[in-house]
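Trainee: With the sequence up front, the predicted model follows.
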There are 2 protein chains.
Amino acid sequence: MEFACKKINIEEVVRCSLGMKKPEFKLFNFMLEHNKRFTIIELSRKLSLNRTTVQKIIKKLVEKELVERYQENLSKGGYLFIYTIKNKQFLKEKIKFIIKKWYENVNNELERW
Amino acid sequence: MEFACKKINIEEVVRCSLGMKKPEFKLFNFMLEHNKRFTIIELSRKLSLNRTTVQKIIKKLVEKELVERYQENLSKGGYLFIYTIKNKQFLKEKIKFIIKKWYENVNNELERW
C-alpha cells in the first residue's frame, strides 16, 4: 500500500508501530504463527539462535507487553519460565491506536500548513 | 513527522495527495504564496520558465482542479486567460479526504493481517 508516495507494507506498520527491531520482529512473528507456549530453549532451537540472544530478545518483547511470562512449577521441584504471545486481537488494537496517532499527527501538520 | 518508520514531511503529503510532480508543485506553491491572479506570461517571468512549459504545467493544475481559469475580455477587443489558485481551505479539505483514505487503507490491511 502507499502513504504519501511511500510504499509501506503491513509488516513494517506492525513492526514500527510496536517499536520492534528486526530480530525482535522475527521472534514475534514466529510466536504469532505458532500460537503456543514456549520455553527459551524451545525458541532457541526452533529459530537456531543461541539462548542468550533469545533471552535478550524475549526480555524486550515482555517489556513491550507483546509477550507474557509465566512461571511453571515442576513436579520434581524448581520451576520453568514459559512464554506466550499476546492475543492477536489485542495486538491489532494496540497497533490501531498507534496508527490513529500517526494519522492525527499528519492531520495536525496539515492544519498548520 | 513519521509514519511507519518513514520520515514524511508535510510538503510531500500535499504534493503526493494531490498527485503533483515536482514542477507542478513548484508552480502550485508559488501561486499559493502569492495568492493573486496570474497570466501565463507573468508566471513564466516570475518562475523563469518558458511559456510552453508554464502552459503545460498550468493545464495539469487546471485538470486536477487546483487552479481555475477565467477568460477576461480586453477593452480593445480579444481576451486574456487569467489563472488563480483554489482557496487554501478547499485544498486542505481535499488533502484531508485523501489522507483519510490512506489511513483507512492501512487499517484495512491491518484488519486482514
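Mentor: Here it is on my side, so go on.
Trainee: Any regions of chain A where pLDDT drops low?
Mentor: Within chain A, no stretch falls below the threshold (pLDDT under 70).
Trainee: can you pull out the strands in it?
Mentor: Counting by DSSP state E, chain A has these strands, from start to end: A:2-3, A:6-7, A:67-73, A:79-85.
Trainee: which of these sits most buried?
Mentor: strand A:2-3 (a mean of 18; mean count of other CB atoms under 10 Å in any protein chain shown). C-beta coordinates here come from the backbone N, C-alpha and C atoms, glycine included.
Trainee: And chain B, is that strand touching that?
Mentor: Yes: Strand A:2-3 reaches chain B (CB under 8 Å from any CB of the partner chain) through A:Glu2, A:Phe3.
Trainee: What strands line up against that strand, and which way round?
Mentor: If you go by DSSP bridges, strand A:2-3 pairs up with strand A:6-7 (antiparallel).
Trainee: Just give the number of residues close to A:Ala4.
Mentor: 22 (other CB atoms under 10 Å in any protein chain shown).
Trainee: Contact partners for it?
Mentor: A:Val106, B:Phe3, B:Ile8, B:Glu12, B:Val13, B:Cys16, B:Ser17, B:Ile99, B:Trp102 (CB atoms under 8 Å, 6 or more residues apart in numbering or on different chains).
Trainee: Show me which of these are buried.
Mentor: Buried subset of the contacts of A:Ala4 (neighbour count, 16 or more other CB atoms under 10 Å in any protein chain shown): A:Val106, B:Phe3, B:Ile8, B:Val13, B:Cys16, B:Ser17, B:Ile99, B:Trp102.
Trainee: quick one, what contacts the first one?
Mentor: Going back to what we said before, that points to A:Val106. Residues near A:Val106 by CB under 8 Å, 6+ apart: A:Ala4, B:Met1, B:Phe3, B:Ile8, B:Val13, B:Ile99.
Trainee: tell me the helices in chain A, going along the chain?
Mentor: Per DSSP state H, chain A carries helices over the ranges A:10-17, A:22-33, A:40-46, A:51-63, A:88-112.
Trainee: okay, these, which one's buried deepest?
Mentor: helix A:10-17 (a mean of 19).
Trainee: tell me the phi and psi of A:Asn9?
Mentor: phi -100, psi 160 (degrees, to the nearest 10).
Trainee: Could you measure from it over to B:Cys5?
Mentor: 11 Å (CB to CB, to the nearest Å).
Trainee: Next, the contact list for the residue nearest to A:Leu74 when sequence neighbours are not counted, please.
Mentor: Spatial nearest neighbour of A:Leu74, chain neighbours left out: A:Leu80 (6.1 Å); criterion: CB to CB, 6 or more residues apart in numbering or on different chains. Shown in contact with A:Leu80 (CB under 8 Å, 6+ apart): A:Thr39, A:Gln71, A:Glu72, A:Leu74.
Trainee: run the last query once more with 10 Å
Mentor: A:Thr39, A:Ile40, A:Ile41, A:Tyr70, A:Gln71, A:Glu72, A:Asn73, A:Leu74 (CB atoms under 10 Å, 6 or more residues apart in numbering or on different chains).
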